[in-house]
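Enquirer: When you get a sec, could you give me coordinates for this:
(chains A and B)
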Amino acid sequence: MTAPFQQRHHDYVLGPNQDPRLASVAAGAEITGLKFRFDTDAPFELRSRAVRMAYTDTLDQNGLQYVSTRWTGPAQDYRQQGLVPETLQLVNFGQVGNPKPLFRPVRYPANGVLQIDILNSGPAAITNLTFFWRGVKLFPWGAVPAYSYPPGFASLSFAYPIQQLALTPTDFRQNQIFQVKADADFVLRAGQATAPHLTEVERGTSIFAECSIVLKDWNGKPYSNDFVPLDILFGSAAWPSTFPLGATPAFIAPFGVGPAAPGLLYPEIYVPRNHQLWYDIQRADTTATASEDVTINLIGSKVFAR
Amino acid sequence: MYRPQYVYNVAEAPCVEQTCLYSFDGTNTPALVGTLGAGLSLSRIPLLVDTDAPFFLRALRIPDAGGLQVRLEDAKDNPLSDSGNANAVTNYEFPALYSETDGAGLVPLDSDEWGVYLPAGGAHLLYVYNPTPAPVDLAVVFVTLAGVKRYLGGVCS
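Expert: Numbers count the residues shown, from 1 in each chain, chains lettered A, B, ... in the order given. Purely as a prediction, here's the structure:
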């Protein structure tokens, strides 16, 4: 049975670029009625979500445990009775490529509005509080060009590691190219990437944490409305940073993350042989002192036409 | 946590599948003994499987080994990750992004088939690369291949 709509993976970012109040949410502050408007090109079906803040120089996100939210569906209908702490809803805050699934998915019309109330009940301001709404855009079939499998094919598990070398602390690289090789098509289903970490350099310790990308298709149409941090879209094993838990707080290493539970891209993205995906990548570690190499591992299968 | 995007079908009679786990390290793979110098690589290390039945690779676990990178190829020299690039680092995989599980579970390989096929008595090929500035002891390399053996006719003992 054919699905009624052509689905296309999309990540919506609601952060300081969308509402400047999220750049710094003061201690004890409550933001009510913050409205986020979805794109006009297609309805959006929300299927999972995550939340993040700027990393501190001790490689944690201390303060995130004090965030409580409630948010609405398309009819300004709150889906929670009151403000709910994110720590009660989101394992690892939905980060490390494992956003918290929603059941049932929530469908917003094109140009629809999500309204969110936010509370910071902690003793300190939260910097760059950002919410991630992951799901699919719904298009009429054929509205968005999309390649698919040949009538007969065989597949083989495959991964493409791609690198960005020597990313400076405030680097921005636009329209970077990932090209599939000539021997077979590639279907992209998941990814992993260099995790936030601290680097010992001559001038002290340097942080790598605020690196994000916009993934785009071969026409330059993005799969997100803004930059998505690598540690949201992807993840890795041996995660160097921790997540805060409780008021004291305790800092907990994420459990069960890495390539065994990679950042899934749904629906999969089919890229024919010799074709390209584009991406913009930026790094915003303003206190860092060292350049870093970044590896993104694109995981999926090669597809061989028969 | 075995979480394939596509659930594998159960084999139909007369085929019988048996879950199987292969582990390789310096005790049963002579090439994984000694040290690997900085910037050097080992190629085509055979990971032999049993001769009684074909093996379908469905998951693996290769923990982080002192910064070493790895690449697997199937029995027909098809690599399971990219190769042939000028940047040597992109010809191999970091375990943390490919095969490391932090001590729990296996990493499922994405596959629309039954798994990565290996004939009875065949061998996957392992490539190891040291991108670090110092030698690495190969004793830390430990490869686990998980999948199913497929037997024809009759229940395996």
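Enquirer: going forward, measure contacts between C-alpha atoms and count neighbours the same way
Expert: Noted.
Enquirer: now stretch A:39-59: how far from the chain's centre is it?
Expert: Here the centre of stretch A:39-59 is set off from its chain's centre by 6 Å, with Cα atoms, centre = their mean, to the nearest Å.
Enquirer: next one: stretch B:116-126
Expert: The answer for stretch B:116-126 is 10 Å, by Cα atoms, centre = their mean.
Enquirer: try stretch A:172-181
Expert: That offset, for stretch A:172-181, works out to 18 Å (Cα atoms, centre = their mean).
Enquirer: What average pLDDT does it get?
Expert: Confidence over stretch A:172-181 (mean pLDDT, whole number) is 97.
Enquirer: May I see the buried residues of it?
Expert: If you call a residue buried by 16 or more other Cα atoms under 10 Å in any protein chain shown, then stretch A:172-181 has these buried ones: A:178-181.
Enquirer: secondary structure class for A:Arg21?
Expert: Secondary structure for A:Arg21, judged by DSSP: H, G, I helix; E, B strand; the rest coil, is helix.
Enquirer: Now for residue 121: which residues touch it?
Expert: The chain I'm using is chain A. A:27-29, A:66-68 (Cα atoms under 8 Å, 6 or more residues apart in numbering or on different chains).
Enquirer: switch to chain B, that's the one I care about
Expert: By Cα under 8 Å, 6+ apart, the contact set of B:Gly121 is B:48-54.
Enquirer: Need the residues that contact stretch B:99-108.
Expert: By Cα under 8 Å, 6+ apart, stretch B:99-108 touches A:237-238, A:256-261, B:1-4, B:58-64, B:98, B:146.
Enquirer: ditto for stretch B:27-46
Expert: Contact with stretch B:27-46 is made by B:25-26, B:47, B:123-139, B:141, as judged by Cα under 8 Å, 6+ apart.
Enquirer: Next, report how far it is displaced from the centre of its chain.
Expert: 15 Å.
Enquirer: so how far does it reach from one end to the other?
Expert: Stretch B:27-46 has its terminal residues 14 Å apart, counting by Cα to Cα, to the nearest Å.
Enquirer: For that stretch, buried residues please.
Expert: B:31-33, B:36-37, B:41, B:44-46.
Enquirer: So which bits of the stretch 151-300 of chain A are right by chain B?
Expert: Proximity of the stretch 151-300 of chain A to chain B is confined to A:154-163, A:192-194, A:235-238, A:256-261, A:297, A:299-300 under the rule Cα under 8 Å from any Cα of the partner chain.
Enquirer: The closest residue to chain A within chain B: what's its closest spatial neighbour, skipping adjacent residues?
Expert: The nearest approach of chain B to chain A comes at B:Val107, 4.1 Å away (Cα to the nearest Cα). Counting by Cα to Cα, 6 or more residues apart in numbering or on different chains, B:Val107 lies nearest to A:Ala260, which is 4.1 Å off, once chain neighbours are set aside.
Enquirer: again, but for A:Asn98
Expert: A:Gly263 (6.1 Å).
Enquirer: Looking at strand pairing, list the partners for the one you found.
Expert: Here A:Gly263 sits in beta bridges with A:Gly191, going by DSSP bridges.
Enquirer: B:Leu60 now?
Expert: Beta-bridge partners, per DSSP bridges, of B:Leu60: B:Val107, B:Leu145.
Enquirer: ok, it to A:Pro145 distance?
Expert: B:Leu60 sits 35 Å away from A:Pro145, going by Cα to Cα.
Enquirer: excluding its backbone neighbours, what's nearest B:Ala146?
Expert: B:Leu21 (4.6 Å).
Enquirer: For the helix or strand encompassing the one you found, what is the distance to the chain centroid?
Expert: Applying DSSP states H and E as the criterion places B:Leu21 in strand B:15-24. Its chain's average C-alpha position is 13 Å from that of strand B:15-24, according to Cα atoms, centre = their mean.
Enquirer: Show the buried residues in the contacts of stretch B:99-108.
Expert: A:237-238, A:256-261, B:4, B:58-64, B:98, B:146.
Enquirer: Done for today, thanks.
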